[in-house]
Structure formats: C-alpha cells, structure tokens
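>>> fold the stuff below for me.
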Amino acid sequence: MDGLAWLELFQSGTKLLKIINPVIWCKKIQYFFNYYCRSPYNVLIYGCSGAGKTEFIRALLEEPVTEQPAPRTQTIDNKKIVFENGRKIRFYDLPGQAVQRRNRQIATEKIARHQIKGIINVVTYGYNNVEENEIANIFSNDPVPNVKESYLTTNRNAEITQLSEWMEFIHNGCGVECVITVITKADIWNKNKEEVMSYYQHGQYYTRCTEKISRVCHTCVYPYCSIISPFGEKPMLLSFSERDKQKLHKEFKEELFKIIRHEY
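Purely as a prediction, here's the structure:
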C-alpha cells in the first residue's frame, strides 16, 4: 500500500472515530433521556399584580420584550426552558391580583400532583406597575416628583400578605426544594440597592419568609431586570445599563442550572 493510500485510510479512521466518539454519544444519550424520560422541573411564579412576572419569564426565556407593560395575567400560563443537558423547567405564571387568590390555590393544587420543585416569588420593593388611569397616584407633588413612600409601603405589605399562600404549601410537605426571591425592576431601585437588598435578605421580608422556610428548602435572593424602561411614564435616573441587565440575566440562569443539578 502506497503512502497516499495510508493517508486516506488514516483520514477515514479519524472521521469514523469522530462519528462514534463515546463522549459525544454519551451526551446525546443523556440529553435524550433527560428530555424525553424525565419530568420537567415544575416552578410556580408568584408575585403581586404589576410585579412584572410575565416580563420576567419572557426575558428569562429570551423572548422578544417591549417597553410597554405586559397586560395583566388573567389565566395560568406555562412555558418551558431547556438546558444543554436536556433537563426542562416548566414555569407556571400565576395571576397576581388579590381577587385571583382562589384560582391560584386551585392551580397550585393541580400542579402539585406532578410535584412542584420550586417557587419563584417576583417582588419589586413596591415599584409595581399600575393601570394608566392610576399613574397620577404614584408620584408626590414635589418640584421633583418622587414615588410616594405610602405607595411603595402598600405594595410591600401586599407582597408580605401573599406569602402565606405558598409558605403554607411548603410547610405541608409538598416537596418544594427551592424558593428564589427575584427582585425585578432593578433599573428603578438600583440607586437604593443596599437598602433594597437588606430588606429582602435581613429585614421584614426575611423574617416573614426566608427565615421560616430556610430549614426545609434552599432559599436565595436575586436582583433582576427584564427591561430598562420608564416607570409610571417618567424616566428613571440612569444608574443602570444594558450591560448590567445582561449580567443579572446570565447570573440568574446559571443559578437555575445549579438548582437543576442540585449543586446549591
């Protein structure tokens, strides 16, 4: 056999090894098994009306988002994200209005039959969006309009009130493994970042929520920003950039992947 023939044989063998590469095929088999044979990691998305749950899910799944506020969620919607290893997370977007409490309870009980692995509670430190005809009630009459502290306090109290719905569910032993508090609208509250993070990690929210469930499931708090937009149709201080938003997005997806692999 001449040298050219040996070269062709060697090249053919190299191509064959690439085709039957055990590492590649192990990954393909793992993906197939995870995607088709393993149940999705069911996650409930809670949050008061106007907290930005729908925008959060769209951003997380890298779907197109607009600067216009998403319409209020009236029904239970679900979407999924698929990781490189084939594992799936199915998100259930629950309506946040107080009058929808019974519907949230019914949905939770139904989903629980397939086991709920995690809960994401979307909060805003009080910066919830409102309908257009209510915008005038958000701001003070100062020369430089500021968001009324009474408005923020009312919304934070509503966040605390809604906690009882799913905290009771956790204490009933329904298999919830993790609770992630997502403080969205980071572009709005970023100027008071230390105050906001302290409230959720050490303050009233912590004592009413995280401290009580940290013994039975994994808990964490993450800042997030779905879109950078005006609040109440008024521009915010430029203390947050698109790069900041992308950084939070990347960190949060990495945290989700760790949860899927039980690396927390």
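>>> CA only for contacts and neighbour counts going forward, please
OK.
>>> where does pLDDT dip in the stretch 51-200 of the chain?
Per-residue confidence for the stretch 51-200 of the chain (pLDDT under 70) gives these ranges: 65-77, 112, 143-145, 173-174.
>>> hey, where'd the strands end up in it?
77-82, 88-93, 118-123, 178-183 (DSSP state E, counting those that start in this stretch).
>>> show me the longest helix that occurs in this protein.
helix 149-171 (DSSP state H).
>>> how far off centre is it?
Put simply, helix 149-171 sits 17 Å off its chain's centre (CA atoms, centre = their mean, to the nearest Å).
>>> flag every buried residue along that helix.
The neighbour-count check on helix 149-171 (16 or more other CA atoms under 10 Å) flags 151, 152, 155, 156, 158, 159, 162, 163, 166, 167, 169, 170 as buried.
>>> now it and strand 178-183, what's the angle there?
Here helix 149-171 runs at 170 degrees with respect to strand 178-183, directions being taken by axes from the mean of the first three to the mean of the last three CA atoms, to 10 degrees.
>>> quick one, helix 149-171 and strand 118-123 angle?
170 degrees.
>>> outside of helix 149-171, which residues touch it?
47-48, 105, 123, 125-128, 138, 176, 205, 208-209, 213 (CA atoms under 8 Å, 6 or more residues apart in numbering).
>>> most neighbours of all those, which one?
Highest neighbour count within those, by other CA atoms under 10 Å: residue 123, with 28 neighbours.
>>> I figured that residue hits residue 50, correct?
No. Residue 123 is beyond contact range of residue 50, at 9.5 Å (criterion: CA atoms under 8 Å).
>>> that older thread, then the longest helix of the chain to CSV, C-alphas only?
Taking Å, rounded to 0.1, in the frame of the first residue of the first chain, the C-alpha atoms of helix 149-171 are listed here in CSV:
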residue,chain,number,x,y,z
GLU,A,149,-43.5,56.2,50.1
SER,A,150,-47.0,55.3,51.0
TYR,A,151,-47.5,53.7,47.6
LEU,A,152,-44.3,51.7,48.0
THR,A,153,-45.2,50.6,51.5
THR,A,154,-48.7,49.5,50.4
ASN,A,155,-47.2,47.3,47.7
ARG,A,156,-44.6,45.8,50.0
ASN,A,157,-47.3,45.0,52.5
ALA,A,158,-49.2,43.2,49.7
GLU,A,159,-46.1,41.1,49.0
ILE,A,160,-45.9,40.1,52.6
THR,A,161,-49.6,39.2,52.7
GLN,A,162,-49.3,37.0,49.6
LEU,A,163,-46.5,35.0,51.2
SER,A,164,-49.0,33.0,53.3
GLU,A,165,-50.4,31.3,50.2
TRP,A,166,-47.3,29.4,49.2
MET,A,167,-45.5,29.3,52.5
GLU,A,168,-48.3,27.2,53.9
PHE,A,169,-47.9,25.0,50.9
ILE,A,170,-44.2,24.4,51.7
HIS,A,171,-44.9,23.6,55.3
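>>> okay, domains of the protein per the record?
As assigned by automatic domain parsing, the chain contains the domains 1-37, 39-260.
>>> please identify the most buried of those domains.
domain 39-260 (a mean of 17; mean count of other CA atoms under 10 Å).
>>> just how off-centre is it within its chain?
Centroid displacement of domain 39-260 relative to its chain, using CA atoms, centre = their mean, is 7 Å.
>>> which among the buried residues of helix 149-171 gets closest to residue 242?
When these are ranked by distance to residue 242 (CA to CA), residue 152 comes first, at 25.2 Å.
>>> from residue 139, how far off is that closest one?
Residue 152 sits 10 Å away from residue 139 when distances are taken as CA to CA, to the nearest Å.
>>> residue 115 now?
43 Å.
>>> same check, this time on residue 258
Noted for residue 258: a distance of 40 Å to residue 139, by CA to CA.
>>> how about residue 158?
Going from residue 158 to residue 139 by CA to CA gives 19 Å.
>>> how about the helices in the stretch 101-250 of the chain?
Secondary structure of the stretch 101-250 of the chain (DSSP state H, counting those that start in this stretch): helices located at 101-112, 149-171, 186-189, 193-201, 204-205, 211-213, 242-260.
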